[in-house]
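*Asks:* okay, structure incoming, though there's no sequence with it:
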Ligand SMILES: *Cc1c(COP(=O)(O)O)cnc(C)c1O
């Protein structure tokens, strides 16, 4: 298996080089020319630990890493940084199983991949004899930024710069980022939204002049966004792991198909699930759950992707995205690099494209703010379990899907964040009396009603010193990077 460009099959790369580059020179993304088939039976996988399973899955993609290299990366990533040995526990609540992906240091599923990416990258640099300082540029809708900072802080030979929408993240998300320690970290609020940040960062990666200029100074760029294959591949693991936990608990029989409902923004998480299915994991449907920025819902219903619409700031800010980068990898898988290139050109020029593809494996759904709040309240009243606002979009979407299709297949809700990151909205969903409360003070209240302690990494966050106060216009990102590295 090799990696090819989604817009040009003649761009060919080994895994480690694709991790280092992050994106192709022409703006396309690296993807496997053929998604590998799992070479072990489900029986052989069912009792593996998270780390063991991670090795079985990742070795098929990271195929130029040696066994020792890959195991070193895995064992250093999935350790006591996570607050549970299970790493990604599955809990049954009401009519669904919830895959909790927020037990890492920054309390969002981004930790699942960003705990290992720095190890994959450092190993790749060593293997390929790279002597440059690697500058990680990251656009974030709120959670990637902190997870990337935490992963790369004080990692020798790297610097990390994070761009987040000044007015588009939750108070806890913002505090998590601006209080980040580490000599090699830089955090910048931008006057714009996630799409602005992502477009600016992508344009830096594909600017030959700037790349040359910084190359002369001893720098090379890479990405910690899910455009990097090193983000995507580790995410495939937990789809297998969720399945094995369903089998172990007796919820399903080995071989039985299940559904996954995934709260989606940049289409990275759900695409990893789709890869797991292509590898042989028994999956019936993926429900792609959007918030009011429902470009993906419209795309799966009509075949037309159209970003020409108002950008909405919602209660699930990490999904406030109109340009879903990883959809490009699905398009390429279902059509061809030539066709994908055409579609992406149309997206750049007209802001939209239409395509006639037959895919009944992924179903689009969405949830409004009211539906999201209702999902949080319903789940809490029935079980006492508190969903975060993103996971609640997935749950609400699933309930709609179930009514529409009568599909009774056992379903996993992929839970992407701790409710503590979005305390205020979560509590307001449960009771409007919290509307006047302060987001940070309300954490104690959430602790009382959920019976889940305030997670260690954010305890006392309100009194930590603010270490970053850069602000920049959305058109000024390139210059900011240039000046910072001068
Ligand atoms: C990033 C994020 C998402 C969206 O994931 P994608 O891979 O971008 O689709 C959903 N929920 C939370 C909490 C996130 O941080």
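*Replies:* Looks like it came in fine. Computed from a predicted structure; not experimentally measured.

*Asks:* which other helices and strands contact the strand or helix carrying residue 99?
*Replies:* For residue 99, the host element (DSSP states H and E) is strand 96-100. Under the contact criterion of 3 or more C-beta pairs under 8 Å, 6 or more residues apart in numbering; DSSP states H and E, strand 96-100 touches strand 90-93, helix 229-248, helix 389-405, strand 411-415. Where C-beta positions appear, they are placed from N, C-alpha and C, glycine not excepted.

*Asks:* residues contacting whichever helix or strand comes after it, please?
*Replies:* Sequence-wise, the next helix or strand downstream of strand 96-100 (DSSP H and E) is helix 110-114. When contacts are defined by C-beta atoms under 8 Å, 6 or more residues apart in numbering, helix 110-114 is touched by residues 81-82, 88, 101-105, 143-144, 146-148, 150-151, 224, 226, 230-235, 237-238.

*Asks:* what do you get if the cut-off is 6 Å, keeping everything else the same?
*Replies:* 101, 104, 143, 144, 147, 148, 151, 231, 234, 235 (C-beta atoms under 6 Å, 6 or more residues apart in numbering).

*Asks:* check stretch 48-68 too.
*Replies:* Residues from elsewhere that reach stretch 48-68, judged by C-beta under 6 Å, 6+ apart: 1, 14-16, 36, 40, 70, 74, 78, 87, 233, 236-237, 240-241.

*Asks:* what's the span of it from first residue to last?
*Replies:* One end of stretch 48-68 to the other measures 18 Å (C-alpha to C-alpha, to the nearest Å).

*Asks:* Throw the helices and strands packed on strand 96-100 into TSV and include mean pLDDT, thanks.
*Replies:* Shown next, in TSV, are those (pLDDT from 0 to 100):
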stretch	mean pLDDT
strand 90-93	97
helix 229-248	98
helix 389-405	98
strand 411-415	98
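
*Asks:* tell me the contacts of the closest residue to the ligand within the stretch 51-200 of the chain?
*Replies:* The nearest approach of the stretch 51-200 of the chain to the ligand comes at residue 143, 3.2 Å away (C-beta to the nearest ligand atom). By C-beta under 6 Å, 6+ apart, the contact set of residue 143 is 108, 110, 318.

*Asks:* for the ligand, what are the nearby residues on the chain?
*Replies:* Within the chain, the positions lying close to the ligand (C-beta under 6 Å from any ligand atom) are 108, 110, 143, 226, 263-269, 318-319, 390, 416-417.

*Asks:* of the residues you listed, which belong to strands?
*Replies:* Those of the residues of the chain next to the ligand mapping onto strands are residue 263, per DSSP state E.

*Asks:* ok so, going back, may I ask which of the contacts of helix 110-114 has the most neighbours?
*Replies:* Neighbour tally across those (other C-beta atoms under 10 Å): the maximum, 31 neighbours, falls on residue 148.

*Asks:* name all residues that make contact with that one.
*Replies:* Taking C-beta under 6 Å, 6+ apart, one finds 114, 138, 224 in contact with residue 148.

*Asks:* ok, and the most crowded of these?
*Replies:* residue 224 (31 neighbours).

*Asks:* what about that residue, distance to residue 451?
*Replies:* 34 Å (C-beta to C-beta, to the nearest Å).

*Asks:* and residue 362, by the same measure?
*Replies:* Noted for residue 362: a distance of 36 Å to residue 451, by C-beta to C-beta.

*Asks:* name the residue in these two with the higher neighbour count.
*Replies:* Comparing residue 362 with residue 451 by other C-beta under 10 Å, the one with more neighbours is residue 362, at 21 against 10.

*Asks:* partner residues bridging the more buried one?
*Replies:* Beta-bridge partners recorded for residue 362 (DSSP bridges): residue 286.

*Asks:* ok, and the closest non-adjacent residue to residue 199?
*Replies:* Among residues not flanking residue 199 along the chain, residue 323 sits closest, at 7.1 Å (C-beta to C-beta, 6 or more residues apart in numbering).

*Asks:* measure the one you found to the ligand for me?
*Replies:* Distance from residue 323 to the ligand, counting by C-beta to the nearest ligand atom, to the nearest Å: 11 Å.

*Asks:* please renumber the chain so that the first residue is 26 from this point on.
*Replies:* Done: numbering now begins at 26, and the last item shifts to residue 348.
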